[in-house]
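In: Test case, fold it:
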Amino acid sequence: MDIEIVEKILKGDIDAFSQIIDKYEKMVYNLAYRIFNNTSDAEDITQEVFIKIYKNLHKCEGKTSIKTWIYTIAYNTSIDEVRKRKGKNNVSLDMEIEGEENSFSLNIPSNEPTPESSLIEKEGLLEIEQAINSLNEINKSLIFLRDIKGFSYNEISDIMGLNIGTVKSRLNRARNILKNIIKF
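Out: Model prediction:
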């Protein structure tokens with residue numbers, strides 16, 4: 001199905017690209033969100049990824065699945081952005097801001113269920129998510145791709161540009177780091 005859509009797009013059917021977006025937008029957004037842990041950044045990266053996909057669709061080769069090819073672009077775009085930002089100061093909108101005369105904090109409303117209804121369920125998940133977010137970008141990406149998204153070692157190898165042995169050993173190391181952080 002995807003190959004037929006790509007062929008349509010390459011033949012000039014621009015509307016067919018919306019099918020690719022509909023199918024893979026959530027996947028790309030989730031990856032970007034896992035790396036940045038920020039909705040705005042994830043939306044920006046998602047948009048940038050689909051622009052790159054459209055411009056490079058002619059390079060989509062049959063040696064990997066389209067899903068893997070798109071994930072590779074999303075991963076590389078996200079990691080490139082992380083590298084660009086290294087060393088730059090980022091300000092969280094949730095932190096308190098000190099002014100000359102007073103201080104204030106920005107309260108961003110959440111679309112999540114009320115704390116009372118989800119506290120028990122979220123306590124364990126929050127600890128795991130915090131532990132995953134404390135990992136470096138590569139380890140975080142490995143855990144996300146394999147354990148959350150269920151990609152095969154071969155697909156992860158293609159996405160991250162690592163050999164399979166490296167993927168397996170780094171994933172094992174990342175899992176051990178998580179075990180030590182969480183300590184059930």
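In: drop to CA atoms for contacts and neighbour counts, all remaining ones
Out: Will do.
In: Which segments of this protein make up each domain?
Out: Residue ranges for each domain of the chain read 1-85, 114-184, as given by automatic domain parsing.
In: element containing the residue most central in space within the chain, please.
Out: With distances taken as C-alpha atoms, centre = their mean, Leu31 lies nearest the centre of the chain, 1.7 Å away. Using DSSP states H and E, Leu31 falls within helix 17-36.
In: which secondary structure elements does that helix contact?
Out: On a contact count with 3 or more C-alpha pairs under 8 Å, 6 or more residues apart in numbering; DSSP states H and E, helix 17-36 meets helix 2-10, helix 39-56, helix 66-85, helix 137-143.
In: Deepest in the core, which of those is it.
Out: Highest mean neighbour count of the helices and strands packed on helix 17-36: helix 137-143, a mean of 20 (counted as mean count of other C-alpha atoms under 10 Å).
In: tell me which residues in whichever helix or strand comes after that one are buried?
Out: Sequence order places helix 153-160 as the next helix or strand after helix 137-143, per DSSP H and E. Within helix 153-160, the residues that count as buried by 16 or more other C-alpha atoms under 10 Å are Tyr153, Glu155, Ile156, Ser157, Asp158, Ile159, Met160.
In: got the angle for the helix or strand just after helix 153-160 vs helix 153-160?
Out: Next helix or strand after helix 153-160 toward the C-terminus (DSSP H and E): helix 164-182. Counting by axes from the mean of the first three to the mean of the last three C-alpha atoms, to 10 degrees, helix 164-182 lies at 90 degrees to helix 153-160.
In: Report the buried residues of helix 164-182.
Out: Ile164, Val167, Lys168, Arg170, Leu171, Ala174, Arg175, Ile177, Leu178, Ile181.
In: Need the contact partners of stretch 40-48.
Out: Identification of contacts with stretch 40-48 by C-alpha atoms under 8 Å, 6 or more residues apart in numbering yields Glu25, Val28, Tyr29, Asn30, Ala32, Tyr33, Phe36, Ala74, Thr77, Ser78.
In: Kindly apply the preceding question to stretch 158-166 instead.
Out: Residues outside stretch 158-166 that contact it (C-alpha under 8 Å, 6+ apart) are Thr64, Thr68, Trp69, Tyr71, Thr72, Ile73, Tyr75, Asn76, Tyr153, Asn154, Ile156, Ser157.
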